[in-house]
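Participant: Starting from these lines, generate the structure:
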Amino acid sequence: MADYPNLPQIIGTQKLDDDGTVVDLAESGKPRLRQYYTQVRTRFQVLHDIDGTDKDAIISHYDGDKANVFNFTFKGDNVVYTVRYMGVPQTTPVAGTDRWRVQTNLIVV
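Facilitator: Residues are numbered from 1 along each chain as shown. This is a model prediction of the structure:
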């Protein structure tokens, strides 16, 4: 099993837990809760501020492992999670530099 590239994760990288609860309001104004699944699902929004070589490493990893599970180490707790991609990593050049802002969304399997 491959590992996600070991690159710096910047402030804003988040571990997000979802218990499947959706809250809406009834006509009376009372809240209604709906539980769509019983297990808590964890996903990550990973942010990087990296150079072009590191950006290419992430894109290359995505191209080779977009349909596979792989290991990801979240720097917030240094725990290794088994994850999958939730779409193509989003890359944005940082104006006036040779750096890139990369956002990757992962989900624990």
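Participant: isn't K15 right up against N78?
Facilitator: No. Applying Cβ atoms under 8 Å, one finds K15 not in contact with N78, separated by 12.0 Å. C-beta coordinates here come from the backbone N, C-alpha and C atoms, glycine included.
Participant: tell me the phi and psi of the residue of the chain most remote from its centre?
Facilitator: Each residue of the chain has a distance to the centre, and by Cα atoms, centre = their mean the biggest one is for S28: 37.5 Å. Per-residue torsions, S28: phi -80, psi -10 (degrees, to the nearest 10).
Participant: repeat for D63
Facilitator: phi -60, psi -40.
Participant: Report the separation between it and Q9.
Facilitator: Separation of D63 from Q9 (Cβ to Cβ, to the nearest Å): 21 Å.
Participant: again with G64
Facilitator: With Cβ to Cβ as the criterion, G64 and Q9 are 21 Å apart.
Participant: quick one: which of those two has more around it?
Facilitator: Higher neighbour count among G64 and Q9: Q9, with 18 against 11, using other Cβ atoms under 10 Å.
Participant: what sits against the more buried one?
Facilitator: By Cβ atoms under 8 Å, 6 or more residues apart in numbering, the contact set of Q9 is 46-48, 74-76.
Participant: of these, closest to K55?
Facilitator: In terms of Cβ to Cβ, no member of these lies closer to K55 than H48, at 7.9 Å.
Participant: I figured that closest one hits R101, correct?
Facilitator: Yes. Contact criterion Cβ under 8 Å: H48 and R101 qualify, at 7.3 Å.
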